[in-house]
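Visitor: Sequence and computational prediction follow.
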Amino acid sequence: MKKIINNPADVVPEMVNGMVRLYPQYIEKIDGTEVMVRSDKESMQGKVGIVTGGGSGHLPLFLGYVGKGMIDGCAVGDVFQSPSVDQAIALTRDADQGAGVLYIYGNYNGDIFTFRPAADEVEMEDDIETAEVLGADDVASAGPSAPGEKSTRRGVAGIFFVYKCAGAAADKMLSLEEVKRVADKANNNVRTMGVALSPCTVPRVGKPSFEIEDDEMEIGMGIHGEPGIRRGKLEPADQIVDEMLEKIVADLPYENGDEVAVLVNGLGATPLDEQYIVTRRINQVLEEKGISVYKYYVGEYATAIEMAGFSISLLKLDDELKEYIDHPVDTPFFKQV
């Protein structure tokens, strides 16, 4: 393992400490926790609180999106480990400004077992109203569940769009019910698929999370190294994009003239040069399908430590979602005017 760290056990607290010292105008840490919250409390008064959380190792997800127009706080665990219930309780209490708190987090059992007990506690002890939206945009994981059943799809990079729309709705002082409706709408209209070229190494483990040959790729791999849907020889960029887009578009039927926001997300070790090659092909394919791109986001938005690869997310838009996508954002890692 080659990493610029000290003790592997100290990676997360030292990283959080570094972020707080670098961005005091945006964030502060709740003492005794790895919970990051907005420091500009005066601009949050009366709005619905938006909070999230999950394992570390995905920057700028989750911590990097704490700020105006996105999320109001975040609890993180160790690398690829869920935060604690106590962290989620402290986070919720800080984010509540009298209008309730919306949890937005990925569809992983560890995170569910963190946030749902926290919601029960703050509703009973503090009379804080909460609601939740589970990101579940990964086309490569199991298909849609039957009505009434829990979705088994993973939440991956597409949760960025859910934060974006929900944060904008909260900024516009919508009610908790309405902010949740907007978040659900974004969540239901985003689809993602990724491809991995190399593994990542969790510091406490000290060895790669999986093995893959130098000339191989795996389509559909998750952001923690969860198995994908196909492993094979590395192909040219255009062929990889074509396969991924075909599955994404087929999963949420599109019509000629539909508009989308596109997120091309590097997984940690993929140069922007290669991401722009991917973006070029995405544009070609969507034009051929009669799908119009309203806005592109290209870069590292949800990484897997130093994994090589990328993901593509499409958010199907209507006039309401376009308004929220356009809303200004000011966070440590993402800004939009």
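Guide: Nice, I can see it. On a predicted model such as this, the values are computed, not experimentally measured, just so you know.
Visitor: Helix or strand: which one has Y105?
Guide: If you go by DSSP states H and E, Y105 is part of strand 101-106.
Visitor: What of C165?
Guide: Per DSSP H and E: C165 is located in helix 159-171.
Visitor: go on, A99?
Guide: Under DSSP H and E, no helix or strand contains A99.
Visitor: tell me, how many neighbours does it end up with?
Guide: Look at A99: counted by other C-beta atoms under 10 Å, it has 20 neighbours. Yep, even glycine has a C-beta here, placed from its N, CA and C like the rest.
Visitor: Go ahead and confirm it touches E178.
Guide: No. At 10.6 Å, A99 does not count as touching E178 under the criterion of C-beta atoms under 8 Å.
Visitor: circling back: could you check the angle the very next helix or strand once past the strand holding Y105 makes with strand 101-106?
Guide: Downstream of strand 101-106, the next assigned helix or strand under DSSP H and E is helix 109-125. Orientation of helix 109-125 against strand 101-106 (axes from the mean of the first three to the mean of the last three C-alpha atoms, to 10 degrees) gives an angle of 170 degrees.
Visitor: Go ahead and measure how far helix 109-125 is from the middle of the chain.
Guide: Relative to the chain's own centre, helix 109-125 is displaced by 20 Å; criterion: C-alpha atoms, centre = their mean, to the nearest Å.
Visitor: for stretch 70-78, same thing?
Guide: Distance, centroid of stretch 70-78 to centroid of chain: 11 Å (C-alpha atoms, centre = their mean).
Visitor: same question, stretch 228-247
Guide: That offset, for stretch 228-247, works out to 22 Å (C-alpha atoms, centre = their mean).
Visitor: can you check stretch 25-41 too?
Guide: The answer for stretch 25-41 is 19 Å, by C-alpha atoms, centre = their mean.
Visitor: likewise stretch 311-325?
Guide: On the basis of C-alpha atoms, centre = their mean, stretch 311-325 sits 15 Å off its chain's mean C-alpha point.
Visitor: Okay, now it: how far is its last residue from its first?
Guide: Criterion C-alpha to C-alpha, to the nearest Å; first-to-last residue distance in stretch 311-325 is 19 Å.
Visitor: what do you get for stretch 30-42?
Guide: Length of stretch 30-42, first residue to last, C-alpha to C-alpha: 17 Å.
Visitor: Check which residues of it are buried.
Guide: Under the neighbour-count criterion of 16 or more other C-beta atoms under 10 Å, stretch 30-42 has 30, 33-39 buried.
Visitor: Many thanks, we can stop here.
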